[in-house]
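**Q** Predicted coordinates and the sequence they were generated for:
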Amino acid sequence: MTAETPPGAFSNMSLEMRAWNIRRKALLMGEVQGQGYIGQALGVADVLATSYFHAMDFQPEDPEWEGRDRFLLSIGHYAIALYAVLMEAGILPEEELETYGMDDSRMPMSGMASYTPGMEITGGSLGHGLGIAVGMAMGLKRKKNPAFVYNLMSDGELGEGSTWEAVMSAVQWKLDNLICIVDFNNQQADGPTRDALAVGAEAPKWEAFGWFAQEVDGNDLDALVAAFDAARDLTDARPRVIICNTTMCKGVDFLEAREITHFVRVEADEWSKALAKLEEGKPQ
């Protein structure tokens, strides 16, 4: 958000309320299709609320404004979460919610930049987002554009070699305008991330490559605000990463309790139950 944003475009709504709205919109979209990566959307809602409504500069009426901070969704299957925050930000009209995943919709089930205003890249081939972010951050520096590049990636992408090539490149080019956000929910399609390649503490790995690394509770808004502020305010000429430990299906306890949450099986009658459970925790 910027000084150029039209008056009244953003209210003084709390981040807690923004995150709740994002969760609700994601559930409503999931109900439209009867499926979706709803566990990730519920889990990352606090991260998205902090990104868009605390940290980032953008203009809702002009998603391609040159001075905007760029938000890259490396994980294309998280698109339902990004659509929810784009609606909350006023970039997408909320009335399009009911078109989610349908033919000719601007909101396909996996994110595609050519379809959706405010979506910077087409994700989905996992492990490529951070490399694109490195190139974008380099380009902004060469144009002397002070904008930041945020790249949201999954913990599963920590097992991709291309991710670590990008990690090294970002240090080589001193990309202090790059902030990587890792959603560490410890879930992959084949089981827990910790049973794959991410077996230890993550921050020391990034620090060893030369990044400024923070690891926080990704569902604690105060911790997220402090981490984003520290990342943006750092004066060192190096890239920054915020590793966010999140809980899948956060805010809907009966979904949180399920053993498999990478792709949550939600029965037809459970969408209304999930919305009702979310309503119980609505911020005052």
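**A** It's in. Numbering: from 1, shown residues only.
**Q** So which elements touch the helix or strand bottoming out on mean pLDDT in the chain?
**A** The helix or strand of the chain with the poorest confidence is helix 253-256; it has a mean of 86 (mean pLDDT, DSSP states H and E). Packing contacts for helix 253-256, counted by 3 or more Cβ pairs under 8 Å, 6 or more residues apart in numbering; DSSP states H and E, involve helix 38-50, helix 270-280. Yep, even glycine has a C-beta here, placed from its N, CA and C like the rest.
**Q** ok and the first one relative to helix 270-280, angle-wise?
**A** Spelled out, it's helix 38-50. Counting by axes from the mean of the first three to the mean of the last three Cα atoms, to 10 degrees, helix 38-50 points 30 degrees away from the direction of helix 270-280.
**Q** Enumerate every residue touching the closest residue to S74 other than its chain neighbours.
**A** Nearest non-adjacent residue to S74, counting by Cβ to Cβ, 6 or more residues apart in numbering: G129, 2.2 Å away. The neighbours of G129, taking Cβ atoms under 8 Å, 6 or more residues apart in numbering as the test, are L72, L73, S74, I75, I121, G123, N151, L152, M153, E157.
**Q** which of the residues you listed lies closest to I91?
**A** Set against I91, the nearest of those by Cβ to Cβ is L73 (13.4 Å).
**Q** Buried residues in the longest helix along the chain, which are they?
**A** Assignment by DSSP state H gives helix 15-33 as the longest helix of the chain. Counting neighbours by 16 or more other Cβ atoms under 10 Å, one finds that the buried residues in helix 15-33 are 15, 17-32.
**Q** picking up where we left off before, can I get the contacts of G129 in TSV with pLDDT?
**A** Below are the contacts of G129 laid out as TSV (pLDDT from 0 to 100):
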residue	pLDDT
L72	97
L73	96
S74	94
I75	91
I121	94
G123	82
N151	98
L152	97
M153	95
E157	90
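**Q** Widest-spaced pair of the residues you listed?
**A** Pairwise over those, using Cβ to Cβ, the maximum falls at I121 and E157, 13.6 Å.
**Q** anything in contact with each of those two?
**A** Common neighbours of I121 and E157 (Cβ under 8 Å, 6+ apart) are S74, G129.
**Q** show me where the stretch 51-200 of the chain has strands.
**A** 70-73, 149-154, 178-184 (DSSP state E, counting those that start in this stretch).
**Q** Between these, which one is closest to Q59.
**A** So among the strands of the stretch 51-200 of the chain, strand 70-73 is nearest, using Cβ to Cβ, at 13.0 Å.
**Q** Could you please name the strands the closest one pairs with and the direction of each pair?
**A** Here strand 70-73 is paired, per DSSP bridges, with strand 149-154 (parallel).
**Q** tilt between the strand it pairs with and strand 178-184?
**A** 20 degrees.
**Q** can I have strand 149-154 written out in CSV, keeping just the CAs?
**A** Once non-C-alpha atoms are left out, strand 149-154 reads as follows in CSV (Å, rounded to 0.1, in the frame of the first residue of the first chain):
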residue,chain,number,x,y,z
VAL,A,149,10.4,-9.1,-4.4
TYR,A,150,8.7,-11.6,-2.1
ASN,A,151,8.8,-15.3,-3.1
LEU,A,152,6.5,-17.7,-1.2
MET,A,153,7.7,-21.3,-1.5
SER,A,154,6.9,-24.6,0.1
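**Q** quick one: N219 and A49 touch, right?
**A** No - N219 is not in contact with A49 according to Cβ atoms under 8 Å; the separation is 10.7 Å.
**Q** ok, those two, which is more surrounded?
**A** A49 (26 against 20; other Cβ atoms under 10 Å).
**Q** what about the more buried one, distance to G90?
**A** A49 is 14 Å from G90, where distance means Cβ to Cβ, to the nearest Å.
**Q** which stretches of the protein form helices?
**A** Using DSSP H, helices in the chain cover 15-33, 38-50, 79-88, 129-142, 161-172, 203-209, 221-233, 253-256, 270-280.
**Q** Let me know which of those is the nearest to R68.
**A** helix 129-142 (10.4 Å).
**Q** Could you give the separation of that closest one from the chain centroid?
**A** 18 Å (Cα atoms, centre = their mean, to the nearest Å).
**Q** where does this structure have low pLDDT?
**A** 1-12, 188-193, 195, 198-200, 259-263 (pLDDT under 70).
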